[in-house]
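# next come a sequence and a model predicted from it.
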Amino acid sequence: MLLKNLLLVDTKSKKGPAEFKKVDILIERQKIKKISKQIASGNYKVMDCKKALVFEGFFDFSAQLGDPGNLQVEDFTSLSNAALHAGFTSVCVEPNTLPNIDHPQLLEGQIKKAEHLPINLFFKANLSLQAQPEKLAELYRMHAKGAVAFTMKDKGIQQASLLAKALEYTKAFDGLVIQHAFDQSICKTEFVAQGKYATKIGLKGMPAYFETTRVARDLELLKYHSGRLHFSNISRHESVKMIAKAKKQGLKVSCDVSIWHLIYDDQSIEQLNSNLKVFPPFFDATNKKKLIQAVEDRLVDVVTSSHTPIAKQDKMLEIEQAKPGISSLDFFYATYQTFLSDKISWASFLDATSVQPRSILGLIQPKIKEGAQANFVILDQTSSFKATEDMMHSKSKNTPLLAQSLKGKVMAVFQNAKRLV
């Protein structure tokens, strides 16, 4: 097969026209035989890609699964189908299932279920025991079974002593500890950010220091104990600054933000739309602008979908009672192309959604090059559509994008030269 008129990007390049190069790609025997500016059609089956983007596939650093315990919101098949059709070739799954993945046997069962899926699933494991949250789980055994990182997704690591023990213990096998940085004693019932919009509709807001004080504490612990620490779902630009400074000092630290915190700000609360309720909450427009710039400048390592599927009966409630989170996989690329492509270059976005997630987890970086397996994704930058539930492969439809006009589609996904989408 011959794929013509593709645009290939160099993720190391800076913003500007030079980041793209037009190529044709020839596939033979499941491998890329040739990449060139122009390849004669000959007798090959030709697919004209009309200046679509080609890349190695998104890697989602944070997605939630409903298996075990909550199959109505997401199972392995629905998660993988949603991811595949959105251009994800790999997804890293959170351990906050029912029960939590806090034991080697539970982890082994999850890995076995994922063996025959069309995408690669990687698994985080719970840092502590669900029944004894003050006690570390069997981290080394779960690492040996295939856990790529350890976290406490919903609760965060509240106890300094537990984080200290985890950093010390995981050093023995170069394990990664992931922190969801928030002080539980500060954000008890609040679900919106402190500011004029919370005040306007009479809601008590969450102060910025619910996150920044915890980031500061944890960086001090990392400085003392060393190890590897990743901050997930960061919402404040001050947190990013502290983490960037710690990197310059030589600490092994990284961070991610959700794509939603780059699109929405606290004004969204005026809609009282439960599909816009997330945790951490959206802060002011200035903070959002600084987070966007931090992604473009590559101070933020990773952008995640933060895929959080929620059952309709738990979401379509008064906003105070509704569960936080957005079903995010299905329209991920369209979300970027519609709302962020004029603010974050494709090279920087691709670095944050494909290259860096794999790098942080120590995984092999796929490459589009001659002789490599024909595994890649093709994106149509210009096609427009109206988002509907019928387009979604996720079981859960809790997204604020429904009925909105979006731009950008996944044109094709190839694995071993076979077109899966």
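Alright, I've got the coordinates.
# ok now do the spatially most central residue of the chain, which residues does it touch?
The centroid of the chain falls nearest to T304 when counting by Cα atoms, centre = their mean (2.0 Å). For T304, the contact set (Cβ atoms under 8 Å, 6 or more residues apart in numbering) comprises 60-63, 232-233, 256-259. C-beta coordinates here come from the backbone N, C-alpha and C atoms, glycine included.
# repeat for S36
S36 is in contact with 23-24, 26, counting by Cβ under 8 Å, 6+ apart.
# quick one: low-confidence parts of the stretch 1-150 of the chain?
By pLDDT under 70, the low-scoring segments of the stretch 1-150 of the chain are 11-18.
# strands of that one, residue ranges please.
2-9, 20-28, 31-36, 46-55, 58-63, 88-93, 120-126, 149-151 (DSSP state E, counting those that start in this stretch).
# tell me the most buried of those strands?
Sort the strands of the stretch 1-150 of the chain by mean neighbour count, taking mean count of other Cβ atoms under 10 Å, and strand 58-63 sits at the top with a mean of 28.
# contacts for that one?
79, 83, 86-94, 232-233, 256, 258, 302, 304-307, 328-329, 332-333, 353-354, 357-358, 360, 377.
# try stretch 358-370
8, 25, 32-35, 54-57, 59, 61, 89-90, 92, 122, 148-149, 174, 176, 230, 254, 301-302, 355, 372, 375-376.
# can you rerun that using 7 Å?
Under the contact criterion Cβ atoms under 7 Å, 6 or more residues apart in numbering, stretch 358-370 has outside partners 8, 32-35, 54, 56, 59, 122, 148-149, 176, 230, 254, 301-302, 355, 375-376.
# name the residues of that stretch that are buried.
For stretch 358-370, a neighbour-count test (16 or more other Cβ atoms under 10 Å) marks 358, 360-361, 366, 368 as buried.
# tell me which residues in stretch 215-231 are buried?
Using 16+ other Cβ under 10 Å as the test for burial, stretch 215-231 gives 215, 218-219, 221-222, 225, 227-231.
# what does that stretch contact?
Taking Cβ under 7 Å, 6+ apart as the rule, stretch 215-231 contacts 160, 163-164, 167-168, 170-171, 174-179, 181, 239, 242-243, 246, 251-255, 360.
# so which of those are in helices?
Judged by DSSP state H, the contacts of stretch 215-231 include 160, 163-164, 167-168, 170, 239, 242-243, 246, 360 as members of helices.
# ok, these vs K45, which is closest?
Among these, I360 lies closest to K45 (Cβ to Cβ), at 38.3 Å.
# and the gap between the closest one and L8?
Remark: distance between I360 and L8 (Cβ to Cβ, to the nearest Å) = 24 Å.
# pLDDT wise, what is the closest residue in space to E389 that isn't next to it in sequence at?
Leaving aside its chain neighbours, E389 sits nearest to K397 (4.8 Å; criterion: Cβ to Cβ, 6 or more residues apart in numbering). Per-residue pLDDT puts K397 at 98.
# next one: the one 4 residues further on
If you check L401, the pLDDT there is 98.
# can you tell me the closest non-neighbouring residue to it?
A387 (4.7 Å).
# now the buried residues of stretch 358-370 as JSON lines including pLDDT and distance to M391?
JSON lines is the format used below for the buried residues of stretch 358-370 (pLDDT from 0 to 100; distance: Cβ to Cβ, whole Å):
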{"residue": "R358", "pLDDT": "97", "distance to M391": "28"}
{"residue": "I360", "pLDDT": "98", "distance to M391": "31"}
{"residue": "L361", "pLDDT": "98", "distance to M391": "30"}
{"residue": "P366", "pLDDT": "92", "distance to M391": "27"}
{"residue": "I368", "pLDDT": "94", "distance to M391": "27"}
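# could the residues you listed go into CSV alongside distance to T338?
Listed next are the buried residues of stretch 358-370 as CSV, based on distance: Cβ to Cβ, whole Å:
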residue, distance to T338
R358, 26
I360, 27
L361, 29
P366, 26
I368, 25
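# from these, pick the one nearest G202.
Out of these, the member with the shortest distance to G202 (by Cβ to Cβ) is I360, at 41.2 Å.
# now the closest one: how far from S254?
5 Å.
# which SS class is D330?
coil (DSSP: H, G, I helix; E, B strand; the rest coil).
# I figured K113 was touching F76, is that so?
Yes: here K113 reaches F76: they are 5.3 Å apart, a contact under Cβ atoms under 7 Å.
# the two - which one has more neighbours?
F76 (19 against 16; other Cβ atoms under 10 Å).
# hmm, A82 and that one touching each other?
No: contact criterion Cβ under 7 Å: F76 and A82 do not qualify, at 11.1 Å.
# quick one on the thing from earlier: just the contacts of T304 now: which is nearest K188?
Nearest to K188 among the contacts of T304, with distances taken as Cβ to Cβ, is N233, at 18.5 Å.
# the closest residue to L406 other than its chain neighbours - how many residues pack around it?
Once flanking residues are discounted, L406 sits nearest to A334: 4.0 Å by Cβ to Cβ, 6+ apart. Residues lying near A334 (other Cβ under 10 Å) number 24.
# tell me if A334 really is in a helix.
Yes: remark: A334 belongs to a helix, assigned using three-state DSSP.
# just give the closest residue to T308, not the sequence neighbours.
Counting by Cβ to Cβ, 6+ apart, the residue nearest T308 is G325, at 2.7 Å.
# what is in contact with I360 and S254 at once?
Going by Cβ under 7 Å, 6+ apart, residues that sit against I360 and also against S254 are 230, 301.
# can you put the ones in helices among the contacts of stretch 215-231 in a markdown table and add distance to D314?
Shown next, in a markdown table, are the ones in helices among the contacts of stretch 215-231 (distance: Cβ to Cβ, whole Å):
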| residue | distance to D314 |
| --- | --- |
| A160 | 33 |
| L163 | 30 |
| A164 | 35 |
| L167 | 35 |
| E168 | 38 |
| T170 | 34 |
| S239 | 29 |
| M242 | 34 |
| I243 | 33 |
| A246 | 37 |
| I360 | 31 |
